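Novice: One predicted model, sequence on top.
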Amino acid sequence: MEHADDLRTEALESLLVEKGLVASEAVDAILRHYEQEVGPLNGARVVARAWSDAAYRRRLLADGTAAIAELGYGGPQGEHIVVVENAPRLHNVVVCTLCSCYPWPVLGLPPAWYKDPAYRSRIVREPRQVLAEMGLALPGDVEIRVWDSSAEIRYLVLPERPAGTEGWSEERLAGLVSRDAMIGVARAAAPRG
Amino acid sequence: MEGFGPVEREAAEPVFHAPWEGRVFGLANLALALGVANLDGFRHAIERLPPLTYLSVGYYGRWLRALELLLRERGLLAPGELEARLRDPRAPAAPLASRPLPPAELGAKRPRLREPRFAAGEAVRAANRHPHGHTRLPRYARGRRGTIALVHPEAWLLPDAHAHGDGEHPEPVYAVRFAARELWGEDADPAAWVHLDCFESYLEPLDASRATGGSHGAR
C-alpha cells in the first residue's frame, strides 16, 4: 500500500537530512521565498511602470529580462523573459503544454489550474472557447496568440491599460493588474466607479 | 489528450495547498542544486511516471515521485529505505556510497558560438520525430509548418541530450508561429495562432513558395 504524500514527504525529508544531503532550514528558506517574497505583485509593478513610463515600456518590450531586472526582479525561471503586449485586436495568452513552465520572478509559482491537464491541453486547441469559459470573451476577429513556453524562455503578458485611469500612480495602477491578466486569461481590472 | 472538462479556477488560492507540497518543492530544488539531476532530467523523470499516476497524483505528487525515482537511480535512496522509514520512524538511514556532483554551470543559457540557421519570417517545418526519451517538441507541432516569429538571443541547452546526461549541446531557440488551422485542421479558429519555442534541430527549412505564411504586423 502506498502511503499518503504528506507522510512520504516527511519520511523522505528525514532521510535526506540524516544523510547530510539537505538541511530542513534550507527547505524553510525556499518556502519563505516563494510564499512571502515572490508573487504576482512583482509583475504588476512591472506592468504599472510600463503603463506609466513610455521609455520603460519600450525597454520592456525590447528586452524584458533587463527591464524587469531594473525593478530588482530575476532568478530561477527568469533567465530570459519576453514580454508580449496586448492591443485592441491582438490578445496574448501563455501556457506550458509539456509541463508547467512559468515566469517565477514576476508571477511567483503557478496556480493549480495552470498546471492542470485541462488548461494545458485545451488552450492551444481552442483558445477562444477556453478564454470565454474563463470569463474573457474575445470577438472572432481579435487575433489570439498562444505562447507555449516549451524551452527556457518565459513569457509575461502586458495587458491593455484600462480606460479611466489617467493620472493614476503606479502603485494604484498595479492594484488593477492580476496574475491572470499577466498570464493572458483575463483583462486588467477596470477602475471601480 | 481530451476530455478534461473546464478549467477550474480557485479563489484566493494559496501558494501551496498543504505543507507537504511546499516541502517537496523545496527538497526538489535543493536536489537539483546538489546535482541529483539537472532540470531536464527532472522533467524527464516526471514524464517517465506511469501515465495513470501522472494524471492522478497532482502536480506536487508528480514532483515527489520523480524525486524519489531520481534519488533511487542515483543510489542516494536505497531500495525499500523509504518504505522502512514509513513503517518505523526509527529505521536507520542507509549510508551514502557517494555524493552527487553539483553542476559546474547553472542555468540553460550559453553563449552562441555560431549564427542561427533561420531568420525571422522564414518558413519552417517542425520535424516529425517521436523519440523515446525526453524532448520539448510537443506532439501537436510535429510535421507542421510555421514561420519564425522570434529568434531568441544566445544558445540554450538541448533538453533532448541534457536530460539524458549526454552533454549540453547548446542551440539557438526560436518562437515559431503556427496557424491553428495548420495544427488542428480546417475547423480550427482562423484568427488563432500558437507560438511555440523550438530548438534549432527541431526545425527544417521549408521552400518559401510552399509557406503558409502568417502576418507578423498585428502587434
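Specialist: Structure's in. What do you need? Numbers count the residues shown, from 1 in each chain, chains lettered A, B, ... in the order given.
Novice: who are the neighbours in contact with the closest residue to B:Leu158 other than its chain neighbours?
Specialist: Sequence neighbours aside, B:His169 is the residue nearest to B:Leu158 in space, at 4.1 Å (criterion: Cβ to Cβ, 6 or more residues apart in numbering or on different chains). No exception for glycine: its C-beta is placed from N, CA and C like everyone else's. Shown in contact with B:His169 (Cβ atoms under 8 Å, 6 or more residues apart in numbering or on different chains): B:157-158, B:161-162.
Novice: any chance of the residues you listed in JSON lines, with secondary structure and distance to A:Asp28 too?
Specialist: What follows is the contacts of B:His169, written out as JSON lines (DSSP: H, G, I helix; E, B strand; the rest coil; distance: Cβ to Cβ, whole Å):
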{"residue": "B:Leu157", "secondary structure": "coil", "distance to A:Asp28": "30"}
{"residue": "B:Leu158", "secondary structure": "coil", "distance to A:Asp28": "35"}
{"residue": "B:Ala161", "secondary structure": "helix", "distance to A:Asp28": "35"}
{"residue": "B:His162", "secondary structure": "helix", "distance to A:Asp28": "30"}
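Novice: farthest-separated two in the residues you listed?
Specialist: Using Cβ to Cβ, those span at most 7.9 Å, a distance reached by B:Leu157 and B:Ala161.
Novice: tell me, what's touching those two both at once?
Specialist: B:168-169.
Novice: Between the two, tell me which one has more neighbours.
Specialist: Regarding B:Leu157 and B:Ala161, a neighbour count based on other Cβ atoms under 10 Å in any protein chain shown identifies B:Leu157 as having more, with 25 against 18.
Novice: Can you list the buried residues in the helix or strand of chain B with the lowest mean pLDDT?
Specialist: Least confident helix or strand of chain B, by mean pLDDT, DSSP states H and E, is helix B:51-56 with a mean of 94. In terms of neighbour count (16 or more other Cβ atoms under 10 Å in any protein chain shown), helix B:51-56 has its buried residues at B:Tyr54.
Novice: touching chain A at all, that helix?
Specialist: Yes. Judged by Cβ under 8 Å from any Cβ of the partner chain, helix B:51-56 comes into contact with chain A at B:Leu55.
Novice: Quick check: mean pLDDT of the helix or strand that comes right after that helix?
Specialist: Using DSSP states H and E, the helix or strand that follows helix B:51-56 in sequence is helix B:58-73. Taken as a whole, helix B:58-73 has a mean pLDDT of 97.
Novice: Now do helix B:58-73: distance to the chain's middle.
Specialist: Distance, stretch centre to chain centre, for helix B:58-73: 15 Å (Cα atoms, centre = their mean, to the nearest Å).
Novice: can you check stretch A:111-128 too?
Specialist: 14 Å.
Novice: any idea what sits nearest A:Thr165, other than its immediate chain neighbours?
Specialist: Nearest residue to A:Thr165 in three dimensions, chain neighbours excluded: A:Pro191, at 5.6 Å (Cβ to Cβ, 6+ apart).
Novice: my read is the one you found is in a strand, agree?
Specialist: No. Under DSSP: H, G, I helix; E, B strand; the rest coil, A:Pro191 falls outside any strand and is assigned coil.
Novice: Can you give me the distance of it to A:Arg172?
Specialist: Using Cβ to Cβ, to the nearest Å, one gets 9 Å for the distance from A:Pro191 to A:Arg172.
Novice: One more: B:Arg144?
Specialist: Applying Cβ to Cβ, the value for B:Arg144 to A:Arg172 is 44 Å.
Novice: Pick out whichever of those two has more residues nearby.
Specialist: Higher neighbour count among B:Arg144 and A:Arg172: B:Arg144, with 19 against 12, using other Cβ under 10 Å.
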